[in-house]
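Visitor: Got a predicted structure here, sequence first:
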Amino acid sequence: MRFFLIDKPEQSLELLKGALEEAKSLDSFVTNILNMTRLETGNIKFHREWIRVCELTGNITKRLAHRLNQREVAVDFPESDVEANMDGLMTGQVLQNLIENACKYTPPYARIDIRLGCGQCARIDMPRARLRKGYSIGEHG
């Protein structure tokens, strides 16, 4: 007795891949909400460590490949070995949120630019209509 409605293994594999991506997305969404609640209540501890920013950005863009829908993501770093002392999970979550927002609120063909300069803050540029609007992540204080 078969319980699968799909006879072709390729279709089953594609459905499983889609389900896995959606599960990862849901996990990320729930984690986001929990962390935002922790931030609002002051009940969060940051775990700072030296992290290669280029590597973090690459990991996030790979993780979001299914959401980028073949958009071009241009990453501009003056040096590939730039490290920052930060909480990698939280900074990665912020970067992921910014890239996801870039996907949601810009035309499907719009390129997403991620730039970093030593001694500066990170910047993500998202073209909106014909204007460029950038969102920055920086450390203040």
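Guide: That came through fine. Numbering: from 1, shown residues only.
Visitor: could you say what helices and strands the helix or strand hosting S28 packs with?
Guide: Element membership for S28 (DSSP states H and E) is helix 9-41. Judged by 3 or more CB pairs under 8 Å, 6 or more residues apart in numbering; DSSP states H and E, helix 9-41 is in contact with helix 88-104. Any C-beta I mention is one placed from the backbone N, CA and C, and that applies to glycine too.
Visitor: Show me which positions of the helix it packs on end up buried.
Guide: Neighbour-count burial for helix 88-104 flags 88, 90-96, 98-100, 102-103 (criterion: 16 or more other CB atoms under 10 Å).
Visitor: Export those residues as JSON lines, with columns for pLDDT and distance to R63.
Guide: JSON lines is the format used below for these (pLDDT from 0 to 100; distance: CB to CB, whole Å):
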{"residue": "G88", "pLDDT": "88", "distance to R63": "13"}
{"residue": "M90", "pLDDT": "87", "distance to R63": "15"}
{"residue": "T91", "pLDDT": "88", "distance to R63": "14"}
{"residue": "G92", "pLDDT": "88", "distance to R63": "9"}
{"residue": "Q93", "pLDDT": "86", "distance to R63": "11"}
{"residue": "V94", "pLDDT": "87", "distance to R63": "14"}
{"residue": "L95", "pLDDT": "88", "distance to R63": "10"}
{"residue": "Q96", "pLDDT": "87", "distance to R63": "7"}
{"residue": "L98", "pLDDT": "87", "distance to R63": "14"}
{"residue": "I99", "pLDDT": "88", "distance to R63": "10"}
{"residue": "E100", "pLDDT": "86", "distance to R63": "11"}
{"residue": "A102", "pLDDT": "86", "distance to R63": "15"}
{"residue": "C103", "pLDDT": "85", "distance to R63": "13"}
